[in-house]
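Engineer: Give me a 3D structure for the following:
(2 chains)
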Amino acid sequence: MTIRRGLMILIVLGLWEAVRRFDLVSPLLLASPTEICGALVKSWFEYVVALRLTVTEILIALAFAWTIGIGAGMIAGLRPLLSETTGPLLSSLFAVPLIGWYPLFMVWFGIGITSKIVYAIVSGFFPIAINTMNGIGALDHQYLLFGKAIGCSRRQIVFRILLPMAMPSIVSGLRIGTGLVVIGVIVAEMLASLGGIGYLISYYRSIYATDHVYLGILLALGCAFAANCGLSLVERRFTSWRVMQIEER
Amino acid sequence: MSLGRPVVIEARGLGKIYGIDRAPIAALKDISFAVEEGSFVSLVGPSGCGKSTLLQILAGLVPSTTGEVLVDGVAVRQPAPEKISVMFQEATLLPWKRVSDNVEFPLEILGMKAGERRQRAAAMLSLVGLSEFTERYPHELSGGMRQRVSIARALAPDPRIMLMDEPFGALDEQTRIKMGHELLRIWEKTGKTIFFITHSLTEALFLADIVLVMSHRPGQIVGTIKTDLPRPRTYEIIGSAEFGATRNRIWKLISQDDREVNGKGMASL
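Structural biologist: Residues are numbered from 1 along each chain as shown, chains lettered A, B, ... in the order given. Got it, this is the predicted structure:
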């Protein structure tokens, strides 16, 4: 299986390379794998610096989006009245194209790291909060009574019973939210900034350096991939029981 | 109606009104009864008559609007997990914990040490006949087995009182009958005081020493019936003339109450 998959990748890379070698497509539209590697070798330091900035922004934004999202969703989910009033509001806010707000974020927070982080947090916040709220809200009321009956404190009810019960729903929110945080950081960097992978993509595009643009895109993909891997670890740790439950059916 | 044993639970003039500000609804009205030590008391009534509310008041989970509940002569104002266990229609097991960890969970909350917890959980699981399933997860068990885990978990803190809110209501009929037998066996072995809510007349009568009959909203006790059926109870008893006659009495109490309610309802139109 892994051999076949490796072979598949080699074939794709080979075709990709061949298309450029035989000059079937203009270098403005496509850069070959070797050209992309060349761009990395030539200006690797620039990319290390950019990647460090982007990864830092992503990590900070993730930390905030996860905690604020789960926290707000939990509070809203625990109070039926609050989730009734804020639920539709959250959902409709989520539907608004947030990118329209970015110029305002720039005015408020400058074109440095802060505006990227804030924008990414806002992007990731909504799906996390909505899923957490729905997950908590959908739990059987009997679990709450059970927790009270065995003498749990409020804190124990939330953290030992309700939150783990809602974990599958929360994790699916995290999955969407984490993707949006990564996209948010890259897009914000592309629009206006002084560094980061998104900035390099945007800059090299403006000077028609297609090989660098492709390199930037690959690195952005790498960020998204790494974030997803991290999330899978969390998922396996907290929701393995749900996976087993589904397989059983 | 007395069996001549000391009283453990006493309900005195319990009433419950929901939504005091706008359109108050009386869920319970003037409910008084006593449950004696080691007895099995069933509460039967139509759906939506406030049975669950009453149980939650007895458990200290929700406050009553009027009246009070005394357990061993002391007013109940909050849950007393070392004295009173509660079981629900759903087994409410924690799906990410193994069976044994589920049974240990209330003990952990009570602050018991790990070694003792383990021992107790093992003993309780053996009592309900699930010794071979301690390392399984809840989703690997059938509905009846899950309720047995729930019984073991309720027994684990060694409470004197078990309050059960239609615990077998979600099970199929055959499993339900088996679980009834199982519960009686455990009750006879442990000597707990059991307060059991159901909407099945047969189940109420089959299990209990005393059946409390409750009316429609606002829920009131309209009859207290001492069953006087021999123990240990077998399935055949359900077909006996005495059983049938008593069940008819209960049904009369419930349906008579229905007529009254309907009559009033029509008059008010």
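Engineer: residue contacts, the nearest residue to A:Met167 once chain neighbours are set aside?
Structural biologist: Leaving out its chain neighbours, the residue that sits closest to A:Met167 by Cβ to Cβ, 6 or more residues apart in numbering or on different chains is A:Phe238, at 4.7 Å. Just so you know, the C-beta spots here come from the backbone N, C-alpha and C atoms, and that holds for glycine as well. Contact partners of A:Phe238, counting by Cβ atoms under 8 Å, 6 or more residues apart in numbering or on different chains, are A:Pro164, A:Met167, A:Val171, B:Trp96.
Engineer: how close does the first one sit to A:Ser172?
Structural biologist: What that stands for is A:Pro164. Between A:Pro164 and A:Ser172 the computed distance is 15 Å (Cβ to Cβ, to the nearest Å).
Engineer: before we move on, what about the last one?
Structural biologist: Using Cβ to Cβ, B:Trp96 is found at 16 Å from A:Ser172.
Engineer: could you list every residue that touches A:Gly195?
Structural biologist: When contacts are counted by Cβ under 8 Å, 6+ apart, A:Gly195 touches A:Val49, A:Ala50, A:Leu53, A:Glu189.
Engineer: from those residues, which is closest to B:Glu116?
Structural biologist: Lowest distance from B:Glu116 to those (Cβ to Cβ) belongs to A:Leu53, with 54.5 Å.
Engineer: give me the element the closest one is part of.
Structural biologist: A:Leu53 is part of helix A:44-78, with elements assigned from DSSP states H and E.
Engineer: In terms of secondary structure, what does that helix contact?
Structural biologist: helix A:80-95, helix A:113-137, helix A:163-191, helix A:197-206, helix A:210-248 (3 or more Cβ pairs under 8 Å, 6 or more residues apart in numbering or on different chains; DSSP states H and E).
Engineer: which helices and strands does the third one pack with?
Structural biologist: With contacts defined as 3+ Cβ pairs under 8 Å, 6+ apart, the packing partners of helix A:163-191 are helix A:44-78, helix A:102-109, helix A:113-137, helix A:197-206, helix A:210-248.
Engineer: Any buried residues in stretch A:63-83, and which?
Structural biologist: Using 16 or more other Cβ atoms under 10 Å in any protein chain shown as the test for burial, stretch A:63-83 gives A:64-66, A:68-70, A:72-78, A:83.
Engineer: likewise stretch B:57-69?
Structural biologist: For stretch B:57-69, using 16+ other Cβ under 10 Å, the buried residues are B:Ile57, B:Leu58, B:Ala59, B:Gly60, B:Leu61, B:Val62, B:Ser64, B:Thr65, B:Gly67, B:Val69.
Engineer: quick one: the fifth one and B:Phe88 touch, right?
Structural biologist: The reference is to B:Leu61. No: counting by Cβ atoms under 8 Å, B:Leu61 stays clear of B:Phe88, with 10.8 Å between them.
Engineer: shared neighbours of the two, anything?
Structural biologist: A:Leu145.
Engineer: How far does stretch A:25-33 stretch from one end to the other?
Structural biologist: 14 Å (Cα to Cα, to the nearest Å).
Engineer: Let me see the contact set for the residue lying farthest from the centre of chain A.
Structural biologist: Residue farthest from the centre of chain A, counting by Cα atoms, centre = their mean, is A:Ala149 at 39.4 Å. Going by Cβ under 8 Å, 6+ apart, A:Ala149 touches B:Ala59, B:Leu61, B:Pro79, B:Pro81, B:Ile84, B:Ser85, B:Val86.
Engineer: What is the lowest-mean-pLDDT helix or strand in chain A packed up against?
Structural biologist: Taking mean pLDDT, DSSP states H and E as the measure, chain A has helix A:80-95 as its least confident helix or strand, at a mean of 75. Identification of packing neighbours for helix A:80-95 by 3+ Cβ pairs under 8 Å, 6+ apart yields helix A:44-78, helix A:113-137.
Engineer: Now render these as CSV, adding mean pLDDT and distance to B:Pro6.
Structural biologist: Output for those, formatted as CSV (pLDDT from 0 to 100; distance: least, Cβ to Cβ, whole Å):
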stretch, mean pLDDT, distance to B:Pro6
helix A:44-78, 93, 41
helix A:113-137, 92, 43
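Engineer: for those, which one ends up most surrounded?
Structural biologist: Comparing the helices and strands packed on helix A:80-95 by mean neighbour count (mean count of other Cβ atoms under 10 Å in any protein chain shown), helix A:113-137 ranks first with a mean of 25.
Engineer: What's the first helix or strand after that helix?
Structural biologist: helix A:141-149.
Engineer: any weak-confidence spans in chain B?
Structural biologist: Counting by pLDDT under 70, chain B shows low-confidence ranges at B:1-2, B:20-21, B:257-269.
Engineer: now the helices: where do they sit in it?
Structural biologist: Using DSSP state H, the helices assigned to chain B run over residues B:51-58, B:99-109, B:114-127, B:143-155, B:173-190, B:201-207, B:241-268.
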